[in-house]
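J.: next input, structure requested:
(one chain, ligands or ions: 1)
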Amino acid sequence: MSKNSILERLAILADAAKYDASCASSGTAKRNSLGGKGIGSTEGMGICHAYAPDGRCISLLKILLTNHCIFDCHYCINRKSSNVRRARFTPQEVADLTISFYRRNYIEGLFLSSGIVKSADRTMEQLIESARILREDHDFRGYIHLKTIPEADAELVHRAGFYADRVSINVELPTDRGLTRLAPDKNARQIEGAMGRTRADILDARDARTRFKYAPRFAPAGQSTQMIVGADQASDADIVNRANRLYGKFGLRRVYYSAFSPIPDSSAVLPLKRPPLVREHRLYQSDWLIRFYGYRASEVVAATDSHGNLPLDMDPKLAWALKFRETFPLDVNRAPREMLYRVPGLGVTAVNRIVAARRHKSLRLEDVARLTVSIAKVRPFICAADWRPTRLIDRGDLRSLVAPRHEQMELFPA
Ligand code: SF4
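T.: All right, here's what the predicted structure looks like:
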C-alpha cells in the first residue's frame, strides 16, 4: 500500500472518513493571517465542498490518517475484519495536503480522524504531530478538528486540544449496552472519562485567558460527539436523553446524529437496512428545540410514540403541540416570547417580528400572516385580536389538517 500515490491514498482515506458527520466548523476563535503573518484563516471563504453520504455539505479537508484499525467495531467499515483497501498517511503528508488544498482555496481547514494503528497512544501521537506540523512549521491559522482516541493516554488527549480548534470524542452508540454489543473493544466509562477531562481543560484554559492575555487556547471551538442512529435498538427517547445528559455533563458544543449506513460485508448483528434519513433529521430538530427553544428533554420525549420514537411525518414541535393541546391557543398579543416559540410554524425570526410589532398595535390574524411563512400551520394554535380557534384546536382531525401532506423524498434510497 505504501507504493500507492498520494492521490490514491487520498481517495481511500477521504472515502473512509465520509461516515463521520461531526465536523462542522462553527464557533471557533477568530484567527487570520492579516499583516502577512502565518497562513490560513478561520473566517475565510473559498471552500471545498465534500459531501457526506446523505448529501450534507462539509467544508473541510476531511480524511483519516489511516484506515487500518486494530479494533473491530461492527458498524465500522474500517474495522480490522473488514475487507477494504487500506492506506496510511504520515503526519507530514497530512500537513502538506492540507496546506496545498488551503493554498488552492479549496478548504477552510482540516478534519482529521484515524483508525487505531499499533496502539491508541501511537495513533494519538501521529494525529497530534499532523496538527503540530501545521500550526508550528506552517503557522497554519485555519480550522483544525481532531478526533481524539479516548483509549489514549490522558496527557496525549490533553496535548491535542492545544493544536485543535475542536476535539471530538465519539460516544458512537446511544446506550452502553449497544456499545458493548457493537464495539466490544470500546469502553463507555473510558469515553466519558476523556470527555470529562477535556471539559475541565477547556474551562481551565478559558479561565486562564481571562487573567492572562497570552495564555494558550485549548480547543476554543469546544468538544463534540457523534451517535450512530439505527444500528441498535435504541429509541429516539434513549438518544434524546443521552444527548441531553452529555450536553449537561460535558458542556458539548454539538451532538451529531449519523443515520447508520449499511456497509459492505457487514456483520450479521447489524440491521440490513439503514433507518430512514428523516429519523436523523427529526433528532436534529429535537436537539434544536432543546438548545434554542427552551424545551426540556423530558418534553421532547413526551412527544414520542409508545416505542419511544418521534413521528417521522411531522416535526417534533408539531408533535408536542398536538399532544399537549391544553397549552394552546396562545395569544400573540400577550404570550411571553418563550411560549410563542412553542407555536408550530413560528420560528425565532417570526417570534421576533411578532414581539416587535405588538408593541405598536394589537395584532390581527392577517398581521401574523404577514409576519410568518405559512399561517395555515399557525392558525389553530394562536389567538389574535380578531381570531380564536376554539373549535379548531379541539378537532379530532387536527393532526391531518396541520401535518405535512407530502412524504419526504429519499435522496439515497437503501
Ligand atoms: S476504533 Fe474507530 S476506526 Fe476502529 S473499528 Fe472502531 S470505529 Fe472503526
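J.: how's this protein carved up into domains?
T.: For the chain, the TED database gives the domain ranges 6-22+44-303, 316-402.
J.: which stretches of this structure form strands?
T.: 50-51, 57-58, 61-64, 109-113, 143-147, 166-168, 223-229, 254-259, 330-331, 382-383 (DSSP state E).
J.: dump the residue contacts of Gly345.
T.: Contacts for Gly345 (CB atoms under 8 Å, 6 or more residues apart in numbering) come out as 372-378, 381. No exception for glycine: its C-beta is placed from N, CA and C like everyone else's.
J.: same thing with Leu179?
T.: 171-173, 186, 188.
J.: so which of those sit within helices?
T.: Counting by DSSP state H, the contacts of Leu179 place Ala188 in helices.
J.: lowest-pLDDT helix or strand in this structure?
T.: strand 50-51 (a mean of 44; mean pLDDT, DSSP states H and E).
J.: okay, the strands of the chain in JSON lines with distance to Ile99 and mean neighbour count next?
T.: Shown next, in JSON lines, are the strands of the chain (distance: least, CB to CB, whole Å; neighbours: other CB atoms under 10 Å):
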{"stretch": "strand 50-51", "distance to Ile99": "17", "mean neighbour count": "15"}
{"stretch": "strand 57-58", "distance to Ile99": "19", "mean neighbour count": "15"}
{"stretch": "strand 61-64", "distance to Ile99": "10", "mean neighbour count": "26"}
{"stretch": "strand 109-113", "distance to Ile99": "10", "mean neighbour count": "28"}
{"stretch": "strand 143-147", "distance to Ile99": "12", "mean neighbour count": "26"}
{"stretch": "strand 166-168", "distance to Ile99": "20", "mean neighbour count": "27"}
{"stretch": "strand 223-229", "distance to Ile99": "25", "mean neighbour count": "24"}
{"stretch": "strand 254-259", "distance to Ile99": "27", "mean neighbour count": "23"}
{"stretch": "strand 330-331", "distance to Ile99": "54", "mean neighbour count": "16"}
{"stretch": "strand 382-383", "distance to Ile99": "54", "mean neighbour count": "24"}
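J.: count of residues packed around the residue nearest to Arg199 when sequence neighbours are not counted?
T.: In this structure, Arg199 finds its nearest non-sequential neighbour in Phe250, 4.7 Å apart by CB to CB, 6 or more residues apart in numbering. Per other CB atoms under 10 Å, the neighbour tally for Phe250 reads 23.
J.: same check, this time on Pro271
T.: A count of nearby residues for Pro271, using other CB under 10 Å, gives 13.
J.: check it and give its pLDDT.
T.: For Pro271, the pLDDT comes out at 84.
J.: center of the chain, which residue is that?
T.: Tyr256 (2.7 Å; CA atoms, centre = their mean).
J.: pLDDT value on that residue, please?
T.: pLDDT for Tyr256: 92.
J.: please report the distance of it from Tyr214.
T.: Distance, Tyr256 to Tyr214, using CB to CB, to the nearest Å: 33 Å.
J.: just Ile63 next, same as before
T.: Ile63 is 32 Å from Tyr214, where distance means CB to CB.
J.: what does Cys76 give?
T.: In this view, Cys76 and Tyr214 are 41 Å apart by CB to CB.
J.: now do Val229
T.: 42 Å.
J.: and if you look at Asp121?
T.: In terms of CB to CB, Asp121 sits 30 Å off from Tyr214.
J.: which bits of the stretch 51-200 of the chain sit near the ligand?
T.: Within reach of the ligand by CB under 6 Å from any ligand atom, the stretch 51-200 of the chain has these residues: 69, 71, 73, 76, 78-79, 115-116, 183.
J.: same thing but 5 Å
T.: With CB under 5 Å from any ligand atom as the criterion, the stretch 51-200 of the chain meets the ligand at residues 69, 71, 73, 76, 78-79, 115.
J.: now the two most distant members of the residues you listed.
T.: Maximum pairwise distance among those (CB to CB): 10.0 Å, between Cys73 and Gly115.
J.: contacting residues for the residue of the stretch 251-400 of the chain found nearest the ligand?
T.: Relative to the ligand, the nearest point of the stretch 251-400 of the chain is Ile263 (10.3 Å; CB to the nearest ligand atom). By CB under 8 Å, 6+ apart, Ile263 lies in contact with 75-77, 82.
J.: look up how far Lys62 lies from it.
T.: According to CB to CB, Ile263 stands 18 Å off from Lys62.
J.: equivalent analysis for Leu272, please.
T.: 27 Å.
J.: ok, back up a step: using ChimeraX, define a selection of the buried residues within the residues of the stretch 51-200 of the chain next to the ligand.
T.: To isolate the buried members of these in ChimeraX, using 16 or more other CB atoms under 10 Å:
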select :69,71,73,76,78,79,115
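J.: do I have it right that Ala188 meets Arg177?
T.: No. Counting by CB atoms under 8 Å, Ala188 does not reach Arg177; the two are 9.4 Å apart.
J.: list the contacts of Gly38.
T.: Gly38 neighbours (CB under 8 Å, 6+ apart): 139-141.
J.: what about stretch 391-400, distance to the chain center?
T.: Centroid separation between stretch 391-400 and its chain, computed with CA atoms, centre = their mean, to the nearest Å, is 35 Å.
J.: and the contacts of it?
T.: Residues outside stretch 391-400 that contact it (CB under 8 Å, 6+ apart) are 314, 322, 325, 328-329, 379-381, 401.
J.: where does the stretch 251-400 of the chain dip in pLDDT?
T.: Scanning the stretch 251-400 of the chain for pLDDT under 70 picks out 392-393.
J.: if you set the cut-off to 90 instead, what comes out?
T.: 259-275, 277, 373-374, 376-377, 389-400 (pLDDT under 90).
J.: hmm, back to that, the contacts of Gly345 in helices, which ones?
T.: 375-378.
J.: dump the residues you listed to a markdown table, plus neighbour count and distance to the ligand.
T.: Below are those laid out as a markdown table (neighbours: other CB atoms under 10 Å; distance: CB to the nearest ligand atom, whole Å):
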| residue | neighbour count | distance to the ligand |
| --- | --- | --- |
| Ile375 | 16 | 47 |
| Ala376 | 12 | 45 |
| Lys377 | 20 | 41 |
| Val378 | 23 | 44 |
